[in-house]
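Asks: missing the sequence, but the structure's below:
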């Protein structure tokens with residue numbers, strides 16, 4: 001094309017030269033007409049040839065342009081009709097006006113789509129356009145499509161993304177997952193066994209794990225007597241999650257038959273963009289979390305920090321040695337001595353366990369000649385501990401060390417030791433601001449460890465087997481300097497915390513619990529005073545009875561109480577109602593749902609140990625113990641909470657052997 005245009009440009013120059021030549025011939029004719037005529041004849045011949053050439057070039061150009069136009073049109077038609085991209089035009093009424101043949105994959109029985117509305121292709125197409133969505137992904141006949149919407153042009157492009165999705169899915173399934181399997185309390189269980197019994201136990205445990213790994217295509221390697229390394233991919237992990245990690249139940253059945261209190265804990269690490277080292281660290285962190293929650297469970301953590309739990313159906317086993325308590329007590333003593341003062345705080349709306357444990361740590365500080373303060377919000381004390389606080393206030397030598405959260409902010413320093421008792425969640429402590437004022441924080445708690453945890457504590461003493469934090473603190477007191485003195489009110493406060501959390505020594509009570517109670521009784525704890533502290537008003541009793549009257553047995557011995565819309569009950573009364581339901585024949589677990597005075601919906605959960613209410617409450621952003629848990633929900637209604645609870649219970653029961 002460019003060559004033809006170039007030739008045409010040359011013809012324009014040629015005609016210019018012809019004009020000059022004619023002028024010259026005219027001059028020559030003037031001087032010699034014969035030569036002039038000869039030259040004129042030659043010029044005419046030349047002009048004739050030029051005109052013929054120009055006409056031929058013009059005809060060739062027109063033919064070329066015509067051919068090119070036809071080819072471009074043909075390519076455009078083929079592109080619209082044969083390229084693997086769908087193009088669709090729709091009207092203001094969301095009806096299909098025109099579509100290329102690609103769109104026919106969405107037609108049924110060779111029907112054309114023109115004239116039908118967009119929902120013929122995908123049910124939510126019209127609503128998505130009205131919501132100003134610019135992109136939709138949907139499936140049709142086992143294939144995945146992406147639709148790009150140009151609303152102003154009433155135009156939609158369709159792309160078949162099936163291959164891309166399959167590659168992404170395959171990539172995700174093949175992600176490496178590392179797991180660390182730990183035999184809970186292996187050393188304690190086997191230390192009294194003879195070699196034959198220990199070998200038989202090892203053989204049984206190894207056989208179960210090897211069969212489990214073989215069936216699920218997992219690489220399993222034993223790294224020590226009590227630890228295994230498991231390597232798998234994400235697809236295998238999803239399968240194990242669906243099966244609720246049935247290997248936990250197999251081991252539990254084995255120990256039941258052999259009367260050996262040994263269980264499994266598994267920590268799993270997932271990292272989509274992490275190195276193997278980082279995935280291994282996630283697995284170890286998950287295992288620590290599972291063990292911190294009492295063992296017999298699986299903790300799965302990904303690189304974002306999100307954690308999922310499975311199992312945890314048995315009560316954590318009480319340790320057979322007090323060595324850990326002595327070590328923690330000495331470590332705490334050294335931290336107290338190195339600090340300028342000690343501040344103790346429990347959780348918001350403190351109960352007797354929280355206050356009793358706080359008083360115990362206060363005595364630890366005083367025994368080591370340091371000033372100690374208990375942080376308490378007077379407005380946050382509920383009716384359940386009012387009598388205890390009245391007793392504390394009557395003891396001037398004790399009550400003078402109680403300060404408000406605002407006062408604590410005025411005296412805290414970088415060298416102050418903060419001791420958090422009866423909780424490990426920063427969002428639940430009496431004043432979260434204090435945690436940022438010093439680098440020295442100690443956590444003492446008996447609850448199973450949750451995903452939320454105080455950042456970088458100096459010392460952690462968490463024992464889920466313990467009945468209460470008051471029990472743990474009482475054990476620590478026994479290893480403090482002999483100058484420590486407990487008066488009647490202080491010892492009684494600690495004993496009251498143990499009694500309340502064990503429901504008068506009926507739940508989560510081990511031999512260590514009675515040892516702690518015996519120590520406190522020796523120090524002067526008044527059981528009659530405890531009984532007076534736990535007395536309840538007749539009005540409270542009647543209201544609780546009215547709440548219990550609404551109980552219904554949902555399934556499998558699970559009682560659910562839903563208060564009337566608009567009726568408000570305090571957290572203590574809700575918890576008492578849940579406790580009372582457990583005394584009823586055939587009730588294994590109880591859940592009480594009610595509005596609270598703060599506008600939130602409270603759920604109190606209790607069980608006799610067969611059902612893990614902690615796992616159920618954690619799925620509702622709560623937490624607690626295997627037998628004692630709770631949650632508070634905002635911006636919802638009692639009825640909606642009940643429906644959510646039932647769905648979670650159904651899912652939980654599906655993973656149990658006795659479903």
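Replies: Ah, there it is. Bear in mind that the values here come from a model prediction, so they are computed numbers and not experimental data. Residues are numbered from 1 along each chain as shown.

Asks: Low-confidence bits of the protein, can you list those?
Replies: Low-confidence segments of the chain, defined by pLDDT under 70: 1-33, 36, 43, 59, 62-82, 108-111, 255-260, 312-322, 383-384, 655-659.

Asks: Give me the contacts around stretch 134-152.
Replies: 105-106, 121-122, 124-125, 128-129, 132-133, 155-162, 164-165 (C-beta atoms under 8 Å, 6 or more residues apart in numbering). For glycine as for every other residue, the C-beta is placed from the backbone atoms N, C-alpha and C.

Asks: show me where the stretch 351-500 of the chain has helices.
Replies: 352-367, 386-394, 396-399, 405-411, 469-477, 488-502 (DSSP state H, counting those that start in this stretch).

Asks: same question but for the stretch 551-659 of the chain, I mixed them up
Replies: Going by DSSP H, counting those that start in this stretch, the stretch 551-659 of the chain shows helices at 571-581, 613-618, 638-654.

Asks: and these, which is most packed in?
Replies: When the helices of the stretch 551-659 of the chain are scored by mean count of other C-beta atoms under 10 Å, the highest mean neighbour count falls to helix 613-618 (a mean of 24).

Asks: returning to what we had before: need the winner for burial among the helices of the stretch 351-500 of the chain.
Replies: For the helices of the stretch 351-500 of the chain, the highest mean count by mean count of other C-beta under 10 Å goes to helix 469-477, at a mean of 29.

Asks: returning to that earlier point: as CSV, the helices of the stretch 551-659 of the chain with distance to residue 178 would be great.
Replies: What follows is those, written out as CSV (distance: least, C-beta to C-beta, whole Å):
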stretch, distance to residue 178
helix 571-581, 39
helix 613-618, 24
helix 638-654, 27
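
Asks: I am assuming residue 496 contacts residue 391, so please confirm or correct that.
Replies: No: between residue 496 and residue 391 there is no contact under C-beta atoms under 8 Å: 9.3 Å.

Asks: give me the element residue 546 is part of.
Replies: Element membership of residue 546, judged by DSSP states H and E, is helix 538-548.

Asks: An error on my part: the question was meant for residue 144.
Replies: strand 143-150.

Asks: Direction included, what does that strand pair up with?
Replies: strand 135-140 (antiparallel), strand 155-160 (antiparallel) (DSSP bridges).

Asks: Now the common contact residues for residue 496 and residue 391.
Replies: residue 533.

Asks: Wait, residue 639 touches residue 562, no?
Replies: Yes: using C-beta under 8 Å, residue 639 is in contact with residue 562, at 7.4 Å.

Asks: wait, what's in contact with the residue nearest to residue 471 when sequence neighbours are not counted?
Replies: Nearest residue to residue 471 in three dimensions, chain neighbours excluded: residue 516, at 4.5 Å (C-beta to C-beta, 6 or more residues apart in numbering). Shown in contact with residue 516 (C-beta under 8 Å, 6+ apart): 470, 471, 474, 475, 498.

Asks: ranges for the strands of the stretch 401-550 of the chain?
Replies: Assigned by DSSP state E, counting those that start in this stretch, the strands in the stretch 401-550 of the chain fall at 402-403, 417-421, 441-445, 459-462.

Asks: what's the offset of the third one from the middle of its chain?
Replies: Once both centres are worked out by C-alpha atoms, centre = their mean, to the nearest Å, strand 441-445 turns out to sit 24 Å from its chain's centre.

Asks: What is that strand packed up against?
Replies: strand 417-421, strand 459-462, helix 469-477 (3 or more C-beta pairs under 8 Å, 6 or more residues apart in numbering; DSSP states H and E).

Asks: in which helix or strand would I find residue 309?
Replies: strand 307-311.

Asks: ok, residues contacting the following helix or strand past that strand?
Replies: With elements assigned by DSSP H and E, the helix or strand that comes after strand 307-311 is helix 323-338. By C-beta under 8 Å, 6+ apart, the surrounding residues in contact with helix 323-338 are 342, 364-365, 368, 370, 415, 417, 440, 442, 458-459, 461, 463, 472, 475-481.

Asks: Next SSE downstream of helix 323-338?
Replies: strand 342-345.

Asks: leaving aside the residues next to it on the chain, what's closest to residue 632?
Replies: residue 600 (4.5 Å).

Asks: quick one, phi/psi of the one you found?
Replies: When read as degrees, to the nearest 10, the backbone of residue 600 gives phi -80, psi 170.

Asks: PyMOL command to pick out the buried ones of the contacts of stretch 134-152?
Replies: In PyMOL, a selection of the buried entries from the contacts of stretch 134-152 looks like this (16 or more other C-beta atoms under 10 Å):
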select buried, resi 106+121+122+125+128+129+156+158+159+160+165
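
Asks: Mark which of the contacts of stretch 134-152 are part of strands, please.
Replies: The strands, defined by DSSP state E, take in 155, 156, 157, 158, 159, 160 from the contacts of stretch 134-152.

Asks: what's around residue 243, how many residues?
Replies: 13 (other C-beta atoms under 10 Å).

Asks: so how far is residue 212 from it?
Replies: Residue 243 sits 10 Å away from residue 212, taking C-beta to C-beta, to the nearest Å as the criterion.

Asks: Buried residues, the strand holding residue 144. List them.
Replies: 144, 145, 147, 149.
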